[in-house]
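A.B. asks: A predicted structure for the sequence below; I have some questions about it.
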Amino acid sequence: MADLSSSAHNRTRDLPWLQKMACRMLRLGPTPNHVAFIMDGNRRYAKKIKAERIVGHRRGYDTLLEVLKWCHHLNVKAVTVYAFALDNFKRSKKEVDSLMELAAQKFSEMLDSEKTISEYGVRVNILGDFSRLPVNLQQKIGRVMQSTRGHSQLTLNIAFAYSSQWEMSEAVDEVARGIANREIETSDVSMELIEKCLYTAGQSEPELMIRTSGESRLSDFMVAQSRRGTWLCFIRPLWPELSFWHFFMVIFGYQRHHHAIASERSQIRTIEKSLTPEAAAALSAALAGLEHSVPPTLASDRKRGGRRDDAAVSREGRIRTFLENSRRRKERYLDGLASLIVPNRDTSSGDVVNHQGCNVYTGKYALRKENVYKSEGLEIYRV
């Protein structure tokens with residue numbers, strides 16, 4: 001893979017000369033490190049050009065590739081796109097199945113070293129409830145994330161089968177699992193810890209969020225990550241119609257308001273720091289219901305003021321170890337997805353067979369991360 005940062009030629013290739021000049025001008029001012037996009041308007045675009053809906057989604061993917069080029073040239077380090085919401089499963093079966101097939105096709109293309117994703121050194125991170133997806137798509141997601149794990153030029157977060165409510169629930173479940181496993185204590189729990197368990201942990205929060213098609217709502221997208229002064233920009237073009245100059249004007253507007261945006265983010269962080277003790281107390285009270293799943297020794301420790309099992313281990317050390325274990329669990333899960341054996345026959349309801357006393361699902365919507373075990377060298381997924 002070519003090192004795109006090694007030369008100015010690499011940085012500005014594939015762009016018309018006028019766009020190259022515009023990028024150079026924008027780089028003289030502050031540019032966001034993390035930009036989020038709500039890719040809205042694919043279906044309306046298809047209707048506008050009197051084509052099938054899937055055509056709009058294909059054009060939308062082409063737009064995404066262009067957006068990645070623009071962001072790379074502007075030194076943006078992370079891009080997050082809302083590709084498929086959990087609520088989208090309510091659409092017609094024909095449309096959902098078409099989207100799953102298109103996603104599988106595009107994730108396969110990402111694995112091709114000649115395609116834009118690898119060409120630009122993009123690390124792909126998919127956020128979503130993979131248990132709702134077909135097995136073949138789960139496998140491709142695992143392979144894409146595994147194969148791009150070492151890339152560092154730009155991180156592409158794809159929210160697929162995603163909602164903020166689901167993501168927050170997953171983060172709280174991970175913290176509860178850490179308590180149950182005695183990795184952390186209930187007194188260690190804070191909003192900061194829960195945020196570190198989100199699927200974008202380790203990345204900066206989005207400074208800029210853009211929604212196309214003229215709609216002015218977040219649709220349950222990155223609510224937790226965008227609450228500290230993210231600049232929201234709602235523009236009229238449908239997603240497949242988004243052009244470089246639309247993007248240019250948005251970044252130019254961001255730069256004009258950058259001082260006010262940065263000041264607001266700083267004020268919010270100052271307020272949060274002053275409220276940390278109260279917030280932690282409220283959160284501990286909210287999590288009190290988890291104690292039924294916590295080993296009795298830990299529950300009694302909390303009632304005695306959070307006394308540690310091992311006084312030599314600091315709170316920071318426990319949290320650091322827990323987060324590292326959590327990261328490794330997620331990586332093992334993704335590695336399991338990448339090595340998943342896709343059944344030859346796929347049905348909507350799936351086939352349940354008995355394997356060594358366990359019911360094993362071999363159909364379309366298998367796989368939950370807590371139900372994986374190995375047998376005879378194969379990954380088997382329980383119902």
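C.D. replies: Nice, I can see it.

A.B. asks: what pLDDT does the model give the residue nearest to the spatial centre of the chain?
C.D. replies: By C-alpha atoms, centre = their mean, the chain has its centre lying nearest to L127, at 3.3 Å. At L127, the predicted lDDT confidence score is 95.

A.B. asks: hey, what's it bridged with?
C.D. replies: Here L127 sits in beta bridges with A159, going by DSSP bridges.

A.B. asks: my read: it touches S163, true?
C.D. replies: No - between L127 and S163 there is no contact under C-beta atoms under 8 Å: 10.0 Å. Where C-beta positions appear, they are placed from N, C-alpha and C, glycine not excepted.

A.B. asks: check which helix or strand F221 maps to.
C.D. replies: Following DSSP states H and E, there is no helix or strand that holds F221.

A.B. asks: skip the chain neighbours and tell me the closest residue to it.
C.D. replies: Leaving out its chain neighbours, the residue that sits closest to F221 by C-beta to C-beta, 6 or more residues apart in numbering is Y82, at 4.8 Å.

A.B. asks: likewise for R236?
C.D. replies: G214 (4.6 Å).

A.B. asks: doesn't that neighbour fall inside a strand?
C.D. replies: No - applying DSSP: H, G, I helix; E, B strand; the rest coil, one finds G214 to be coil, outside a strand.

A.B. asks: what residues sit buried inside whichever strand or helix holds V55?
C.D. replies: Taking DSSP H and E as the definition, V55 sits inside helix 53-73. Residues of helix 53-73 classed as buried: 53-61, 63-64, 66-73 (neighbour count, 16 or more other C-beta atoms under 10 Å).

A.B. asks: same deal with stretch 40-57?
C.D. replies: By neighbour count on 16+ other C-beta under 10 Å, the buried set for stretch 40-57 is D40, G41, N42, R43, R44, Y45, A46, R53, I54, V55, G56, H57.

A.B. asks: mind checking how far it is from the chain centre?
C.D. replies: 25 Å (C-alpha atoms, centre = their mean, to the nearest Å).

A.B. asks: next: stretch 252-260.
C.D. replies: For stretch 252-260, the distance from its own C-alpha centre to the chain's C-alpha centre is 26 Å (C-alpha atoms, centre = their mean).

A.B. asks: same question, stretch 159-179
C.D. replies: With C-alpha atoms, centre = their mean as the basis, stretch 159-179 stands 11 Å off its chain's centre.

A.B. asks: please identify the buried residues of that stretch?
C.D. replies: Neighbour-count burial for stretch 159-179 flags 159-164, 166-168, 170-172, 174-179 (criterion: 16+ other C-beta under 10 Å).

A.B. asks: mind listing which of these are in strands?
C.D. replies: Among the buried residues of stretch 159-179, the members found in strands (DSSP state E) are A159, F160, A161, Y162.

A.B. asks: who are the neighbours in contact with D87?
C.D. replies: S163, S219, D220 (C-beta atoms under 8 Å, 6 or more residues apart in numbering).

A.B. asks: R58 versus that one, what's the distance?
C.D. replies: For D87, the distance to R58 equals 22 Å [C-beta to C-beta, to the nearest Å].

A.B. asks: what is the burial count for S263?
C.D. replies: Applying other C-beta atoms under 10 Å, we find 11 other residues in the vicinity of S263.

A.B. asks: where does it land on pLDDT?
C.D. replies: Note on S263: pLDDT of 87.

A.B. asks: doesn't it fall inside a helix?
C.D. replies: Yes - under the criterion used here (three-state DSSP), S263 sits inside a helix.

A.B. asks: now it: how far from S226?
C.D. replies: In terms of C-beta to C-beta, S263 sits 17 Å off from S226.
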